[in-house]
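Novice: Pasting the sequence and the predicted model now:
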Amino acid sequence: MKGPIGRRTPFIDAIDKATGQAMYTDDYKFPNMLFVRFLRSTKSHAKIKSLDITEAESYPGVVAIATGEDLPISFGVLPTSPDETAMAVKKVRYQGEIVAAVAAETIESAQLGVEKIKIEYESITEFITPQDSLHKCEPDEQIHPHTKNNKNIHKIAELRFNEPEKEIKSASHIQTGKFKFAGVTHAFTEPHSTLAIWNRDETLTVISATQVPHYLHINLSKVLELPLHKIQVKKPSLGGGFGGKSDPFPHEMITSFLAIKTKRPVKCTFSREEVFITHHGRHPTEMSMSISCDDDGKLTALDTDIIIDGGAYGSFGVVTSYYNGVLLQGPYKIDKFGFRTQRAYTNKHQCGAMRGHGAVNPRYAVETLLDMMAYDLKIDPCELRERNFLPENSFTVGEFRITSNGIRDCINTVREKSGWDKKYGKLPFGSGLGVACGFFISGSALPILWNRYPQTVVHAKLDFDGRVVIFSGASDIGQGSDTMLVQIAAEELGIPMEYVQVEVADTKITPVDLGSYSSRVTFMVGNATKTATSNLRNEIAIAIAKEKNVSVNDLYFEDCRVITKNKSVDLSWMEAVEIAMAGRGAFLESGFYISPKLGGKFKGAGAGLSPAYSFGAFISEVNVHPKTGEVNVVKVWGAHDCGKALNPLSVEGQIEGSIHMGLGQAVSEEMWYKNGQQMNANFLDYRIPYSVDTPDMDITIIESNDPEGPYGAKEAGEGPIHPVLPSIGNAVYDAVGVRMMELPITPDKVLKKLKEKV
Amino acid sequence: MSLIQTKLTVNGYTHSLLVNADETLLFTLREQLYLTGTKEGCNQGSCGSCTVLINGKPVLSCMTPTLRCANKKITTIEGISGGETLHLVQKYLVSDGGLQCGFCTPGVVMTAVPYLEENPDVNRKEIKESLSGNLCRCTGYKKIIDAVENASKEMKK
């Protein structure tokens, strides 16, 4: 690579962010703008007996009020479970659900207006735990009318290959465990925010902190009954997502509705408490899992039964249910494989997609059981894993196509760098090392919406000024996708990055991209950008070849020039642009990405299919205080196979950020509930690691050069979180000899286990 | 609620303002003066995104009543680099990848800049401790700490 690909490249918007100039949604102000506050349910499950807004309507400063009856059309990110309305209609399903909204001249008058709304509830039986929801109930007690057999089960996902249960019964080496995982949330620093404008031409502009402008566009159209061509969704700078901004949200519908109703700009920004209440984070999970292997430590079967607590609505839950199982098919070869996931509706805020979607918790279980197996068989845990890795260019039992695979390099690297062979099992009591592996999709091969369109389209425009503008719907949520677009364009055209600018995430201007989720952007949008800009280069080359009477193939684009090897052609970029544009002016070239056809023909075969999978191995070193039970993660060695690091600076950042988030879930983060209400909806009680809690990190990027990724690239944003948690759990065992089957690993749990051991 | 008149000096300019008695400095900066570089992450004093300087010392503007700030010198992120040359802390946050989504970054800058100016000789552990009130969810802090360390080394030269 001669250009910026593969170089440590600061983000193109980094200076704006470092100087406070970057504009996030709440930073926008429009003339005559109104502010929205919400009335939220104080009941977990109740009928709305009466709702009286008359006093609120006449409160000074209040301009408009919206209630459930105004927007009764249901929506949801998955077309299979559109079970949510913008505001509660007739009944509420969780504490914190929006019941009504007030738009007013100031935030204060909106809030005081909310307090003037009178509401009466009639309680219904509450289903707080998923176990409550697995039992039959009276039809009028059901959380949603569409669930089957009078139970509150949203989804049962099950796949079985080659009778794993039989193998586990008869195998000579079996490990079984029951695991429990508390819910955790994304906790991005920028609260949700939306600003809607009803334009003079009767079109709607929505500026929103969203990872998925396209899905928001479609769901707004459905709920507001407004044609698609009258809606523009724009994503400005966005302060973190991690999956928490990847659904279309009620507040986005309501703010838009109020803008149309009042014909004034309307803004809504959440408080931190509202961010916690809105949630959509990782499902609280309980699972039992068994694995078996032969005398050589070769895995023969895996079987697991999982219950996930979905909360009151669907969100990504159908996908989550499948991912809990199907994403255990790697990185190890397991021929007898089965899972069942039941997603329960409960009367709590809903869970959805969060970094590492669906597979983080069951990955902890697999890696813990493997560690137990290694201990019993007296095989080194790294060695046991190595005996079981899937090879490259192979298929998993569920017909996932594995192309590039750098898992062996990953584990060898962390094993050597951490001094594993000298330290594992040999550190003094209280200190220990643990290892774990993982793998993850580089985008879902099957898009959420079934249609004949590509998963992304990118336009590259050239004009007389020599500037190339990339038009892409890709949503930079802080991961640096805008920078990736510029790097690729500059690489393909042999021009400096400052010649390339982006127009992004604006559904009126940019071609459709499905959004920033499932680690799809580098792979899919990267490929489309590469095609668009190489098409642009080709168009320029054709024009020059014709004018200079040389072959297109003899032209090289580098160092901001277009040349032949013998310098018979030696043009500056601007001279090349002039030739390319002669007689036609500015022009656009296009590129798109569609996944190849993949997977089996059985029901559920589509879940977890991806054009490429990332792999990783992590080792953690911990100190466990035997008197207090406190777990202190001292150092983490991480090796992640991202195919090719287009920007090593940002790949490292993704891995380090994954360690941070994995560490939080492993040792301190958890959602607390009392009767369905979250009790710790703030940063003081929901304990996220701060700088002082951060371990030393040693990161290695492994480049396996995927045959279909752009320049060989695969994902790096989500895969690295999977090994982090179990590497910590396994290190705790090495340190003090107790198996932690429940997360987070808080001091009380460690002490209890230590006492049981004695 | 009746409004109270006060004078606020921000980034060298003095503004005559009418504020509510319970108005926070964060609200005044963002909503009255439109200095939106200062971010509201929690409004509960626990994330550090709203950090500004009062008389050179970092404070959480979401926990500071505006009326307490009369006759004091306030500096926001907009006053750090003068919009032209970057402070070394900003320069290294950019080049070392010490920011991703950027939402916590103004608070990080406003914490690290006065810290390094007061403490020219710092080690990594001290830098970690100095940033312990700034929540970052993207970076895992490593590259933020790298950046501040590199800035401190260059400041000493």
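Specialist: Ah, there it is.
Novice: Whichever residue of chain A sits closest to chain B: what secondary structure?
Specialist: Per CB to the nearest CB, A:Gly20 is where chain A lies closest to chain B, at 2.1 Å. All C-beta atoms are positioned from the backbone trio N, CA, C, and that covers glycine. In terms of secondary structure, A:Gly20 is coil; the call rests on DSSP: H, G, I helix; E, B strand; the rest coil.
Novice: show me what contacts the residue lying closest to it once chain neighbours are set aside?
Specialist: The shortest distance from A:Gly20 to any non-neighbouring residue, by CB to CB, 6 or more residues apart in numbering or on different chains, is to B:Gly37 (2.1 Å). Shown in contact with B:Gly37 (CB atoms under 8 Å, 6 or more residues apart in numbering or on different chains): A:19-21, B:76-78, B:106.
Novice: Double-check that B:Gly37 belongs to a helix.
Specialist: No. Under three-state DSSP, B:Gly37 sits outside any helix and is assigned coil.
Novice: Among the contacts of B:Gly37, which one lies nearest to A:Glu547?
Specialist: Closest approach to A:Glu547 among the contacts of B:Gly37 (CB to CB): A:Gln21, at 42.8 Å.
Novice: Run through the strands of chain B in chain order.
Specialist: Counting by DSSP state E, one finds strands in chain B at the ranges B:4-10, B:13-19, B:51-54, B:57-60, B:73-75.
Novice: gap between the first one and the chain center?
Specialist: Between the mean C-alpha location of strand B:4-10 and the chain-wide mean there is a distance of 19 Å, by CA atoms, centre = their mean, to the nearest Å.
Novice: Please apply the same query to the shortest one.
Specialist: Using CA atoms, centre = their mean, we find the averaged C-alpha position of strand B:73-75 to lie 10 Å away from the chain's own average C-alpha position.
Novice: do the same with the second one
Specialist: Its chain's C-alpha centre lies 20 Å from the corresponding centre of strand B:13-19 when counted by CA atoms, centre = their mean.
Novice: can you count the residues close to the residue lying closest to A:Phe188 once chain neighbours are set aside?
Specialist: Excluding its sequence neighbours, the residue lying closest to A:Phe188 (CB to CB, 6+ apart) is A:Gly240, at 3.1 Å. As a burial measure, A:Gly240 scores 25 neighbours (other CB atoms under 10 Å in any protein chain shown).
Novice: any chance you could map the strands in the stretch 301-450 of chain A?
Specialist: Applying DSSP state E, counting those that start in this stretch to the stretch 301-450 of chain A gives strands spanning A:336-345, A:394-395, A:401-402, A:431-441.
Novice: Now do the longest one: which elements does it pack against?
Specialist: In this case it means strand A:431-441. Here strand A:431-441 touches helix A:360-377, helix A:381-386, helix A:407-417, helix A:420-423, strand A:613-624, helix A:721-736, going by 3 or more CB pairs under 8 Å, 6 or more residues apart in numbering or on different chains; DSSP states H and E.
Novice: In a markdown table: the ones you listed, plus mean neighbour count, distance to A:Leu204 and mean pLDDT.
Specialist: Shown next, in a markdown table, are the helices and strands packed on strand A:431-441 (neighbours: other CB atoms under 10 Å in any protein chain shown; distance: least, CB to CB, whole Å; pLDDT from 0 to 100):
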| stretch | mean neighbour count | distance to A:Leu204 | mean pLDDT |
| --- | --- | --- | --- |
| helix A:360-377 | 23 | 37 | 98 |
| helix A:381-386 | 21 | 53 | 98 |
| helix A:407-417 | 22 | 47 | 98 |
| helix A:420-423 | 14 | 57 | 98 |
| strand A:613-624 | 30 | 38 | 98 |
| helix A:721-736 | 29 | 36 | 98 |
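Novice: Now render these as TSV, adding distance to A:Pro747.
Specialist: What follows is the helices and strands packed on strand A:431-441, written out as TSV (distance: least, CB to CB, whole Å):
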stretch	distance to A:Pro747
helix A:360-377	19
helix A:381-386	25
helix A:407-417	27
helix A:420-423	24
strand A:613-624	9
helix A:721-736	11
